[in-house]
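Student: next comes the sequence, and after it the predicted model I'd like to discuss.
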Amino acid sequence: MTDAAPRPAPDRAPDLIPLGPAPRPADGADLAARIRTALADELGGQATGLDQASIAVVLDGADVASADIDLSGVVVSLDGAAGQTGPAGAAGHGAHGEADAAKRWHPEIVRREPATLRRIRVDAHRLVAVDLPVDVTAELEGLRFDWVEGSDGRVGVQPVEPTGAHPVSGHARIAVDKAGLVATARGLLTVVLLQQGITLTGLDVDLVSQGPRAATLRVDAAIKKGMFLSARVQATASVSIDTHMVLAVRDVQLASGNPLVAALLGTVKGRVEAATSRDIDLAEKLPDGVRLADVRLDVGQELVVTARLA
């Protein structure tokens, strides 16, 4: 490795990713084993099946010529998700966040060596995330990073943000079963509402494609609070992404047949309209070297999102 040398510093330097004792891996098999260990350390007890994941890496000097990672069959759950809801579950999540912060690697860097991950492909057919099966295919090219060695004798990598002179290209596809997505949303919403003393007794979600970059959303929820208040709440909205990669949410409507609930919804109508009136420029949110060329949304039995980088 070369001695540590300053780079143009971004507003926030990317986190260092530890990969075991120095020196850096000299062959692909060693690096693949270290990646597997790093994934297990990062996810802790939240993931099962990582030992069966397929990881193949080819090194070419300091560069990683290719990395192919297949996470099919891996199951990831939220910390404290089993048997914990409400404030206790939230506290558990906070404790997990503190543990994450404590285990991050922040050594004094004594050596640094620039490198490039020329191509990485990640597949998962399927990965189970929070009880929801997700099908993932993603491939990226031209990811720069630095090999770093710390004063503690460990080695790792630090990603380097893409720039206009060093862009990243690639594509990604994520697909989830629509019925499974609704079931997961129901479970998460049930926990959130219980914290407010509200019981979710029914939920129907319908997402209908209106073209390659547009869809309409309809939600019909049945809620109950205490012994005397029960109501149905309906929400509708349209979502679209134009050719300039600007996300817009329009025609948001909230309604209820219960006069009291309808009045409560009326008090938040202005805030909802203000929040959804601001379009989101997806391309603008990305680093200079990541150019979003296309995003598509297909809705059928599955909800499929595809994206392509220029």
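Tutor: Received it, and whenever you're ready, just let me know what you need.

Student: can you list the strands that the helix or strand containing residue 121 pairs with?
Tutor: In this structure, residue 121 sits in strand 109-129 according to DSSP states H and E. Paired strands of strand 109-129, with direction, are strand 2-3 (antiparallel), strand 63-70 (parallel), strand 75-76 (parallel), strand 132-150 (antiparallel) (DSSP bridges).

Student: and the nearest residue to residue 47 once chain neighbours are set aside, how far from residue 155?
Tutor: In space, and not counting its chain neighbours, residue 47 is closest to residue 76: 4.9 Å by CB to CB, 6 or more residues apart in numbering. Just so you know, the C-beta spots here come from the backbone N, C-alpha and C atoms, and that holds for glycine as well. According to CB to CB, to the nearest Å, residue 76 stands 27 Å off from residue 155.

Student: which of those two has more neighbours?
Tutor: When residue 76 and residue 155 are compared on other CB atoms under 10 Å, the one with more neighbours turns out to be residue 155, at 21 against 18.

Student: for that one, what are its contacts?
Tutor: By CB atoms under 8 Å, 6 or more residues apart in numbering, residue 155 lies in contact with 18, 19, 20, 21, 22, 23, 24, 147, 148, 149.

Student: then residue 226?
Tutor: By CB under 8 Å, 6+ apart, the neighbours of residue 226 are residue 197.

Student: quick one: neighbours of the nearest residue to residue 283 once chain neighbours are set aside, just the number.
Tutor: Nearest non-adjacent residue to residue 283, counting by CB to CB, 6+ apart: residue 245, 4.3 Å away. Neighbouring residues of residue 245 were enumerated by other CB under 10 Å; the total is 20.

Student: and if you look at residue 67?
Tutor: Neighbour tally, residue 67, other CB under 10 Å: 22.

Student: let me know whether it touches residue 123 as I believe.
Tutor: No: Residue 67 is beyond contact range of residue 123, at 11.8 Å (criterion: CB atoms under 8 Å).

Student: pLDDT below threshold where in the stretch 101-250 of the chain?
Tutor: Residues of the stretch 101-250 of the chain meeting the criterion pLDDT under 70: 101-103.

Student: turn the strands paired with strand 109-129 into JSON lines, including distance to residue 309.
Tutor: Formatted as JSON lines, those follow (distance: least, CB to CB, whole Å):
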{"stretch": "strand 2-3", "distance to residue 309": "30"}
{"stretch": "strand 63-70", "distance to residue 309": "17"}
{"stretch": "strand 75-76", "distance to residue 309": "25"}
{"stretch": "strand 132-150", "distance to residue 309": "8"}
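
Student: circling back to that earlier point, who are the neighbours in contact with the residue nearest to residue 283?
Tutor: Contact analysis of residue 245 by CB under 8 Å, 6+ apart lists 281, 282, 283, 292, 295.

Student: among the residues you listed, which ones are in strands?
Tutor: Those of the contacts of residue 245 mapping onto strands are 281, 292, 295, per DSSP state E.

Student: mind putting those residues in JSON lines, pLDDT included?
Tutor: As requested, these are exported to JSON lines (pLDDT from 0 to 100):
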{"residue": "281", "pLDDT": "86"}
{"residue": "292", "pLDDT": "86"}
{"residue": "295", "pLDDT": "88"}
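
Student: out of those residues, flag the one nearest to residue 42.
Tutor: Closest approach to residue 42 among the ones in strands among the contacts of residue 245 (CB to CB): residue 292, at 26.4 Å.

Student: so what's the residue count around that closest one?
Tutor: Quick note: residue 292 (other CB under 10 Å) scores 18 neighbours.

Student: so it sits against residue 286, correct?
Tutor: Yes: in this structure, residue 292 is within contact of residue 286 by CB under 8 Å, at 6.1 Å.

Student: next up, identify which helix or strand the closest residue to residue 36 other than its chain neighbours is on.
Tutor: If the residues on either side of it in the chain are set aside, residue 36 comes closest to residue 55, at 5.6 Å by CB to CB, 6+ apart. For residue 55, the element it lies in under DSSP H and E is strand 54-60.

Student: burial count for residue 118?
Tutor: When neighbours are counted by other CB under 10 Å, residue 118 registers 16.

Student: pretty sure it is touching residue 65, no?
Tutor: Yes: using CB under 8 Å, residue 118 is in contact with residue 65, at 5.4 Å.
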